[in-house]
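A.B. asks: sequence and predicted structure, then a few things I'm wondering about:
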Amino acid sequence: MVVWDVGCGSGVVTEQLARVVGPEGLVYALDVSQDQLKIRKSRIESAGFKNVQFIEGDVNALSVKKYKKADIVYSRFLLMHVHDCQKAIKTMADLLKKGGRLSLQESTMESIKEENPHSALSKYYDMIIDYGKCKEFDYNVGRKLKQLFEKSGFFSKIIFYKRNFKTTDDIKNLMSVRLDELEDKFLATNLTNKEDYERLKIDIREFFKTKESNDSAVMCEQNYILAYKA
């Protein structure tokens, strides 16, 4: 099989795909980030896979005719980081052979408020949404997936579903790391200041230590699409 990992990042899913398609298969791994290129190449080479072709670039600037038609195109958290979602969907559809499948996962950040979360956590998600607006990205694109795909007209069958993950220690640890990772971006766009954000991080991490946090939604809703190329 020929499979794409669009927006492959550090290559965690790329490695899994390379294992599944086997030595006779091919995985195209596309990402715009040059910083993570060495990481994903090292990951794949260390695992001994030789069936992965790395491509550095923007999905909306991809010349699709250069590549073999794919059986599957997979993407996770890509559309929330592109300015033209409809164009990105068209590009990924063009990568597929007839009957090929496009599988996407995207978030809906605003969903966290519907679960009555801790006030500091709600403020944190507001900040993420506002950061997206500053960059002209839509961090609530998840719930729009079905409409975007139906509007495209490229697919004969579209399956949409959403999932809310149960709060676990692993999820809380992951989110605690993300608090630090996003700090510079929030400060650079004047969404907060150093003192206020340090206080926000303390409040959220203290909340994560409580029993109440285990019964609350601390991770936003995840939305999924499986679409078949017409």
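C.D. replies: Good, I have the coordinates. Residues are numbered from 1 along each chain as shown.
A.B. asks: any idea how far Asp31 is from Asp58?
C.D. replies: Asp58 is 9 Å from Asp31, where distance means Cβ to Cβ, to the nearest Å. Every residue, glycine included, has its C-beta placed from N, CA and C.
A.B. asks: just Ile225 next, same as before
C.D. replies: Per Cβ to Cβ, Ile225 is found 20 Å from Asp31.
A.B. asks: related to what we said a few turns ago, which one of Asp58 and Asp31 is surrounded by more residues?
C.D. replies: Asp31 (24 against 13; other Cβ atoms under 10 Å).
A.B. asks: how about the biggest strand by length in the chain: buried residues?
C.D. replies: In the chain, assigned by DSSP state E, the strand with the most residues is strand 96-108. Using 16 or more other Cβ atoms under 10 Å as the test for burial, strand 96-108 gives Leu96, Gly100, Arg101, Leu102, Leu104, Gln105, Glu106, Ser107, Thr108.
A.B. asks: and for stretch 71-86?
C.D. replies: Quick answer for stretch 71-86 (16+ other Cβ under 10 Å): 71-82, 85.
A.B. asks: residues contacting that stretch, please?
C.D. replies: Identification of contacts with stretch 71-86 by Cβ atoms under 8 Å, 6 or more residues apart in numbering yields 1-7, 13, 17, 58-60, 88-89, 92, 95-97, 100-107, 132, 136-139, 141-142, 144-145, 148, 151-152.
A.B. asks: tell me the contacts of Ser156?
C.D. replies: Tyr228, Lys229, Ala230.
A.B. asks: am I right that it falls within a strand?
C.D. replies: Yes: assessed by DSSP: H, G, I helix; E, B strand; the rest coil, Ser156 belongs to a strand.
A.B. asks: low-confidence stretches in the chain?
C.D. replies: 116 (pLDDT under 70).
A.B. asks: go ahead and confirm Lys162 touches Ile225.
C.D. replies: No: assessed by Cβ atoms under 8 Å, Lys162 is found out of contact with Ile225, at 10.3 Å.
A.B. asks: those two - which one has more neighbours?
C.D. replies: The neighbour count for Lys162 versus Ile225, taken as other Cβ under 10 Å, is higher for Ile225 (22 against 15).
A.B. asks: separation between the most centrally placed residue in the chain and Asp71?
C.D. replies: Centrality entry for the chain: nearest residue to the mean C-alpha point is Phe77, 1.5 Å, by Cα atoms, centre = their mean. The spacing between Phe77 and Asp71, counted by Cβ to Cβ, is 22 Å.
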